[in-house]
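**Student:** Sequence and predicted model, in that order:
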Amino acid sequence: MWDAHCHVDDRRFEETREAVLERAWLSGVEGMIVAGVEPEGWARQRALALRERGRIVVTYGVHPWVVSRSGEREWRRMIGQLEGALRQGRQEGIAVGVGEIGMDHSRRVGEDSWVAQESAFREQLAIARALDWPVVLHGVQAHAQILSILRRDGIPASGGMVHAFSGSFEVAKSYTALGLSISFGGGVMQPQARKVRYAAKMLDAKWLLCETDAPDMLPAPLVGQMVWNEPANLRFVLAELAFLRGVTLQDLEAQTVENTKRLFSLCKSER
Ligand SMILES: [Zn+2]
């Protein structure tokens, strides 16, 4: 299994990180893509990826939540550091994409940040296009806006993924028509998430990825058993996806690993 999107660098894992990683490897996770949210975390991601070469690769970006809580000077300064970090990460053989970037129009973030979110998203998208690296997109209640920006500005030829997909099958098809993969997380395990479950069932297998988004998105059946989600829980997401699609766990695992490696050129960056 490859966890296509998680945050094992997160401060919430400060005390438990080694055990969390050990449980991931023991559960059958071969590797994970650790997505960036802000420069302070990029340094922690880098240290982990250098240590766990081949098993942990990273993407760097400035998350829309970080943009929404920062002043304009601050988020522009962060984005100013992005290209240098990406180039260094590529040289080190650990960075494979740009993200997470995108837009979030949920109640979690203030409406007054929407304009800043859009600017930050478009600037980072432009960097990804210039470098031709895959993008890792965060989109919550903003799929129409994100799709219209992607169509207007363009996406990198190397594509990208929509992480923790929360939309309908129609929305998923709009993304795949642009060449973007769709990643499902613990959200598919919620029985009431009918739209997302239908999208997970119907999506063409070549676009399918799976993730934990750990420490967030703890699958509903595990609430009460643990506080934070972790990559070892990927097997539950994978099992649910296999059930929804009526395929064997082994086939789904092979397919999603292949999709992840292809999208992020992981065979090429392995040393
Ligand atoms: Zn994330």
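**Tutor:** Happy to help now that I have it.
**Student:** Phi, psi for V57 please.
**Tutor:** phi -120, psi 160 (degrees, to the nearest 10).
**Student:** nope, W2 is what I was after
**Tutor:** The phi and psi torsions at W2 (degrees, to the nearest 10) take the values phi -120, psi 130.
**Student:** Look up how far M32 lies from it.
**Tutor:** As judged by CB to CB, to the nearest Å, W2 and M32 stand 7 Å apart. All C-beta atoms are positioned from the backbone trio N, CA, C, and that covers glycine.
**Student:** Looking at the two, which is more packed in?
**Tutor:** M32 (30 against 25; other CB atoms under 10 Å).
**Student:** So that one, which state does it fall into?
**Tutor:** strand (DSSP: H, G, I helix; E, B strand; the rest coil).
**Student:** what helix or strand is the residue lying closest to it once chain neighbours are set aside on?
**Tutor:** In space, and not counting its chain neighbours, M32 is closest to D3: 4.0 Å by CB to CB, 6 or more residues apart in numbering. Here D3 sits within strand 2-6, counting by DSSP states H and E.
**Student:** and the top strand by length along the chain, what does it pack onto?
**Tutor:** Taking DSSP state E as the criterion, the chain has its longest strand at strand 95-104. Applying 3 or more CB pairs under 8 Å, 6 or more residues apart in numbering; DSSP states H and E, we find strand 95-104 packed against strand 31-35, strand 56-60, helix 64-69, helix 82-91, helix 114-131, strand 135-140, helix 143-153.
**Student:** quick one, the last one and strand 95-104 angle?
**Tutor:** Using axes from the mean of the first three to the mean of the last three CA atoms, to 10 degrees, one finds that helix 143-153 and strand 95-104 are set 130 degrees apart in direction.
**Student:** Tell me the helix or strand right after helix 143-153.
**Tutor:** Following helix 143-153 toward the C-terminus (DSSP H and E): strand 160-162.
**Student:** what distance separates that next one from the middle of the whole chain?
**Tutor:** 7 Å (CA atoms, centre = their mean, to the nearest Å).
**Student:** Which residues outside that strand are in contact with it?
**Tutor:** 4-5, 97, 99, 128, 134-137, 139, 172, 175, 179-183, 209, 263 (CB atoms under 8 Å, 6 or more residues apart in numbering).
**Student:** CA atoms only for stretch 40-52 - export them in CSV, please.
**Tutor:** The C-alpha trace of stretch 40-52 is given here as CSV (Å, rounded to 0.1, in the frame of the first residue of the first chain):
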residue,chain,number,x,y,z
GLU,A,40,8.0,25.4,9.0
GLY,A,41,6.6,21.9,8.3
TRP,A,42,8.6,21.5,5.1
ALA,A,43,11.8,21.3,7.2
ARG,A,44,10.3,18.4,9.3
GLN,A,45,9.1,16.7,6.1
ARG,A,46,12.5,17.0,4.6
ALA,A,47,14.3,15.5,7.7
LEU,A,48,11.8,12.5,7.6
ALA,A,49,12.2,11.9,3.8
LEU,A,50,16.0,12.1,4.0
ARG,A,51,16.0,9.5,6.8
GLU,A,52,13.3,7.2,5.2
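**Student:** List the buried residues for it?
**Tutor:** Applying a neighbour-count criterion of 16 or more other CB atoms under 10 Å, one finds G41, W42, R44, Q45, R46, L48, A49, E52 buried in stretch 40-52.
**Student:** Now do it: everything it contacts.
**Tutor:** Against stretch 40-52 from outside (CB under 8 Å, 6+ apart): 7-10, 21, 34, 36, 56-58, 60, 85, 89, 92, 94-95.
**Student:** Give me the buried entries from those.
**Tutor:** Looks like those have 7-10, 21, 34, 36, 56-58, 60, 85, 89, 94-95 buried, using 16+ other CB under 10 Å.
**Student:** quick check, nearest of these to C267?
**Tutor:** V57 (11.7 Å; CB to CB).
**Student:** any idea how far that closest one is from E230?
**Tutor:** V57 is 18 Å from E230, by CB to CB.
**Student:** D132 too?
**Tutor:** Distance from D132 to E230, by CB to CB: 32 Å.
**Student:** These two: which is more packed in?
**Tutor:** More neighbours surround E230 than the other of D132 and E230, with 26 against 10 (other CB under 10 Å).
**Student:** All set, thanks.
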